[in-house]
Structures are given as C-alpha cells and as structure tokens.
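A.B. asks: how does the following fold in three dimensions:
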Amino acid sequence: MPIDEILFNAEEHMEKAIEHLRHELRGFRTGRASTSLVEFIKVDYYGSPTDLRSLASLTTPDATSILIKPFDPASLKDIIKGIESANLGINPINDGKQIRLVLPPLSGERRQQLLGKVKEAAEHARISMRNVRRDANKHIDQDEKESGIPEDQAKQAKEDIQELLKKFEAKVDELVQAKQKEITEV
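C.D. replies: Reported below is the predicted structural model:
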C-alpha cells in the first residue's frame, strides 16, 4: 500500500473518531433542554430498535422541557419504555397524546458526573486514534520490508502520522473544553 494511501486512511479514520465523539457529546445534558438528548434513544417499535426521532416530533417549548409528539399514538407506551431504559434520570410525563420531559436543574454532583463522562468519551476517542496510528505504522513497516521503501521515507511517513495524531488530539481537546464549559455554566 503506498504511503499516501496509508496517510489518507489514517486521517479518514481519525476524522471518524472525532465525528463519533461529537455525536457522543451531543447526548450529554447541559443546563438547557435540547432534543439531541433524546433523538437517538432506541425504542422497540414493532420488534425493531428505532431512533426516537423517527417515531415522533421533538421540540423544546422552553429552556427546561422537551415535548415528544408520536406520529403513531399507539407507540406512546413503547416510547416511554425507551426513555426510561435510556437512564437519563428524567421521568416522562404522559398526557395520553404526547410526552413531556421536564429537566430538573443540574446539581453540582451531577455536573461532576457529566464532566467525568465527557472525559471518558474523549479518552475513548484518543485511544481509537492511537490505534489508527499503530495500524498505520504497522503498514509502513510492512511496506518497508516487502516493497523496499527507503528507510528515510518510512521514518518521514511515521512522523507525518504522529503530526496527524497531534492535530486530531487537539481537536478532541477543543471539543472537550467547549462541552465542559457548557456543562459548568449555570
């Protein structure tokens, strides 16, 4: 595999790790109600797990609540089960046609728990990117042995991969700092 292709694949996989982290961070609750908190909750809808956003319209009528209006009124109980099994710490209020989630203000203890989860998600992203670096370096070593890539080119490629890793780890740090600021904001 050519060195350019190895670098391209490494960058692509690191970008996917960043996107996954962004997706994870969207699900963490901050001081404001956001539909992203519940839109990816899996609901058992006629035997198949389905995202909540596919089953209902999600709105935030005010800063502390989320309103869920199912497209199919028969799915109301399934949606409630899905929300309860998601362990959000929020009790759904059912009025027969729609579900309201009232978000209580975050306590200091809960904020610290969320900060811990943010750091955990960031560490998973970093580990994923380091694994990409390891795999890319293995490919370079393998190509050096098999194809006879010059040693200095292989060394330069490994340095390029390390620079790529540093760049993406900086992006992880930016995302984490922004989310931490959002969570600690009162």
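A.B. asks: quick one: mean pLDDT for stretch 130-144?
C.D. replies: Averaging pLDDT along stretch 130-144 gives 93.
A.B. asks: list the buried residues of it.
C.D. replies: Going by neighbour count (16 or more other C-beta atoms under 10 Å), the buried part of stretch 130-144 is Val132, Arg133, Ala136, Asn137, His139, Ile140, Asp143, Glu144. The way it works is simple: take the backbone N, C-alpha and C, and place the C-beta from them, glycine included.
A.B. asks: wouldn't the third one be in contact with Ile161 here?
C.D. replies: Read it as Ala136. Yes: with contact defined as C-beta atoms under 8 Å, Ala136 counts as touching Ile161 (5.0 Å).
A.B. asks: contacting residues for the most centrally placed residue in the chain?
C.D. replies: Among the residues of the chain, Glu24 comes closest to the average C-alpha position under C-alpha atoms, centre = their mean, at 1.9 Å. Going by C-beta atoms under 8 Å, 6 or more residues apart in numbering, Glu24 touches Ala121.
A.B. asks: for Thr64, same thing?
C.D. replies: Contacts of Thr64 by C-beta under 8 Å, 6+ apart are Arg32, Ala33, Val102, Leu103, Pro105.
A.B. asks: repeat that with 7 Å
C.D. replies: Ala33, Val102, Leu103 (C-beta atoms under 7 Å, 6 or more residues apart in numbering).
A.B. asks: likewise for Asp173?
C.D. replies: For Asp173, the contact set (C-beta under 7 Å, 6+ apart) is empty.
A.B. asks: give me the pLDDT for it.
C.D. replies: Predicted confidence (pLDDT) for Asp173: 95.
A.B. asks: which SSE is it in?
C.D. replies: Assigned by DSSP states H and E, Asp173 falls within helix 151-184.
A.B. asks: buried ones in that helix?
C.D. replies: Residues of helix 151-184 classed as buried by neighbour count (16+ other C-beta under 10 Å): 154, 157-158, 160-161, 164-165, 168-169, 171-172, 175-176, 179-180, 182-183.
A.B. asks: cool, stretch 112-128 as well?
C.D. replies: Buried residues in stretch 112-128, counting neighbours by 16+ other C-beta under 10 Å, are found at Leu114, Leu115, Lys117, Val118, Ala121, Ala122, Ala125, Arg126, Ser128.
A.B. asks: quick revisit: just how off-centre is the helix holding Asp173 within its chain?
C.D. replies: Distance of helix 151-184 from its chain centroid, counting by C-alpha atoms, centre = their mean, to the nearest Å, is 17 Å.
A.B. asks: flag whichever of the buried residues of stretch 112-128 scores worst on pLDDT.
C.D. replies: Within those, Leu114 has the lowest pLDDT, namely 84.
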